[in-house]
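Chemist: what would the 3D arrangement of this be:
(chains A and B)
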Protein chains: 2
Amino acid sequence: MLIVLSGPSGVGKGTVRQAMVNKYGQQFKYSISMTTRKPRPGEVDGVDYYFVSKAEFEEEIANGGMLEYAQYVDNYYGTPLKYVNQTLESGQDVLLEIEVNGAMQVRSKVSDGVFIFLAPPDLHELQDRIVKRGTDDTATIKKRMLQARQEINLMTNYDYVVVNDQVDSAVNRIEQIIASEHLRVARVLSTYQKMLGDN
Amino acid sequence: MLIVLSGPSGVGKGTVRQAMVNKYGQQFKYSISMTTRKPRPGEVDGVDYYFVSKAEFEEEIANGGMLEYAQYVDNYYGTPLKYVNQTLESGQDVLLEIEVNGAMQVRSKVSDGVFIFLAPPDLHELQDRIVKRGTDDTATIKKRMLQARQEINLMTNYDYVVVNDQVDSAVNRIEQIIASEHLRVARVLSTYQKMLGDN
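Modeler: I've put the predicted structure just below:
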């Protein structure tokens, strides 16, 4: 099963992903991204990223070898398809932690993936603020409501919303989602059908 | 949210439902069924069942007041719609524990319900038996495989499959499914849209 963790930048995707790896990292494989940017001090090839040249990255793109990718500040970042497919074929779950644009690229290719949107806690708290007023001026609330609408529009492309109010709670909710998705009829049926030799 | 727990007869639906009520019954309302059969010693009207006359039950059916119903051995059994709707409108989850025919009636009326199929553990163990052979003769395995196919056909109408190997584990899995379903984008979105006054 492919699990995609995404959400607006600054929401804490990396922190939640790291906490997931620490807590129950043996239950899934985290997919390491590929990049053309130079390693920072302490970063290890094949652990933090696969570090490659621009030519190598562009060759992967040309060969259809990237599940998703994007360009930021002259550097490429993306998910190599090969590793993801190998892990899925071995029967293990794969976790991707990627930007919203990348998640939409994956969605169009892997329809049975589990897409989790990590939402900022202030989206959840917005209702209180709107109701109470007083503490924020109208302009601030209006600006935040506009941003909230944008975040909500992004959400519609995902299966689940997890509010990142506390890293531990967010990790627990994601763990529940993963466990529960493994019990979905569509996933279980194929196992039973294989068992009966109907497939 | 409407949660429907169902499965083949004899799978232990009642035991799992009772364990759910004991463990975290404050988080949902169990929908009490209506029946025309006489109360057994110790059974209380409005606790175990709503006990009504045949005429009253048939009037409810005629008025469209039953979410689902069936007739067994000259008696009616069913779920009154009124109580379910009132509870859902108050924002609480409702749990139904019903037969597979009833579940299909509910499915056709409540498309956003969560439909959980409780599966017998021997369906899960069947693979081992098929692989090992020896312990069962061919006729027994064939008969069990036929039954398994029927159970698997029923399953396709549900969202989740929970194997009732141990009551406690089954209850935990159902708890995870319910928690995770509350995080589904389709359910969360309407809350946010109401918050922003977009609905």
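
Chemist: which one of the residues in chain A is closest to chain B?
Modeler: A:S180 (3.9 Å; C-beta to the nearest C-beta). (Each C-beta comes from the backbone N, C-alpha and C, glycine too.)

Chemist: which residue is the nearest non-sequential neighbour of that residue?
Modeler: B:S180 (3.9 Å; C-beta to C-beta, 6 or more residues apart in numbering or on different chains).

Chemist: residues contacting that neighbour?
Modeler: A:160, A:173, A:176-177, A:179-181 (C-beta atoms under 8 Å, 6 or more residues apart in numbering or on different chains).

Chemist: quick one: pLDDT of A:V131?
Modeler: At A:V131, the model reports a pLDDT of 61.

Chemist: sorry, back to before: please tell me how far the residue of chain A closest to chain B sits from B:D165.
Modeler: Distance of A:S180 to B:D165, computed by C-beta to C-beta, to the nearest Å: 17 Å.

Chemist: I'd like the next helix or strand past the longest helix belonging to chain A.
Modeler: The longest helix of chain A (DSSP state H) is helix A:138-155. Helices and strands here follow DSSP states H and E; after helix A:138-155, the next one along the chain is strand A:160-163.

Chemist: residues in contact with that following strand?
Modeler: A:114-121, A:123-124, A:155, A:170, A:173-174, A:177, B:180, B:183-185, B:188.

Chemist: among those residues, name the buried ones.
Modeler: A:114-120, A:123-124, A:155, A:170, A:173-174, A:177, B:180, B:183-185, B:188 (16 or more other C-beta atoms under 10 Å in any protein chain shown).

Chemist: around chain B, pick out the residues from chain A.
Modeler: When proximity is defined as C-beta under 8 Å from any C-beta of the partner chain, chain A approaches chain B at A:117, A:123, A:126-127, A:130, A:145, A:148-149, A:152, A:155-156, A:158-162, A:173, A:176-177, A:179-181, A:183-185, A:188-189, A:192-193, A:195-196, A:198.

Chemist: can you get me a residue count around A:V44?
Modeler: A total of 9 residues lie near A:V44 under the criterion other C-beta atoms under 10 Å in any protein chain shown.

Chemist: give me phi/psi at it?
Modeler: phi -120, psi 130 (degrees, to the nearest 10).

Chemist: do A:V73 as well
Modeler: The phi and psi values for A:V73, taken as degrees, to the nearest 10, are phi 40, psi 50.

Chemist: run a quick neighbour tally on A:A62.
Modeler: A:A62 is flanked by 9 other residues according to other C-beta under 10 Å.

Chemist: show the pLDDT at the nearest residue to A:I177 once chain neighbours are set aside.
Modeler: The shortest distance from A:I177 to any non-neighbouring residue, by C-beta to C-beta, 6+ apart, is to B:S180 (4.6 Å). Here the pLDDT value assigned to B:S180 is 97.

Chemist: tell me the secondary structure at B:S180.
Modeler: Following DSSP: H, G, I helix; E, B strand; the rest coil, we place B:S180 in the helix state.

Chemist: tell me the spacing between it and B:N157.
Modeler: From B:S180 to B:N157 the distance is 20 Å (C-beta to C-beta).

Chemist: just A:L81 next, same as before
Modeler: Shown here: A:L81 relative to B:N157, a distance of 35 Å by C-beta to C-beta.

Chemist: again with A:G91
Modeler: 27 Å.

Chemist: these two: which has the busier surroundings?
Modeler: Set side by side, A:G91 and B:N157 show more neighbours around B:N157, with 15 against 7, by other C-beta under 10 Å.

Chemist: where in chain A is pLDDT low?
Modeler: For chain A, applying pLDDT under 70 flags the ranges A:124-136, A:198-199.

Chemist: how about the helices in it?
Modeler: Under DSSP H, chain A gives helices at A:13-24, A:54-62, A:81-89, A:100-109, A:121-132, A:138-155, A:167-181, A:185-195.

Chemist: which parts of stretch A:137-146 are buried?
Modeler: In stretch A:137-146, counting by 16+ other C-beta under 10 Å, buried: A:141, A:144-145.

Chemist: so who does the nearest residue to A:K29 once chain neighbours are set aside touch?
Modeler: What sits nearest to A:K29 in space, not counting adjacent residues and going by C-beta to C-beta, 6+ apart, is A:T87, at 4.7 Å. The contact partners of A:T87, taken as C-beta under 8 Å, 6+ apart, are A:29, A:31, A:94.

Chemist: touching, the first one and A:D93? I think so.
Modeler: Yes: in this structure, A:K29 sits in contact with A:D93. The criterion is C-beta atoms under 8 Å, and the distance is 7.1 Å.

Chemist: now A:F115: how far from A:L5?
Modeler: Taken as C-beta to C-beta, the span from A:F115 to A:L5 is 9 Å.

Chemist: check A:T87 too.
Modeler: For A:T87 relative to A:L5 (C-beta to C-beta), the value is 16 Å.
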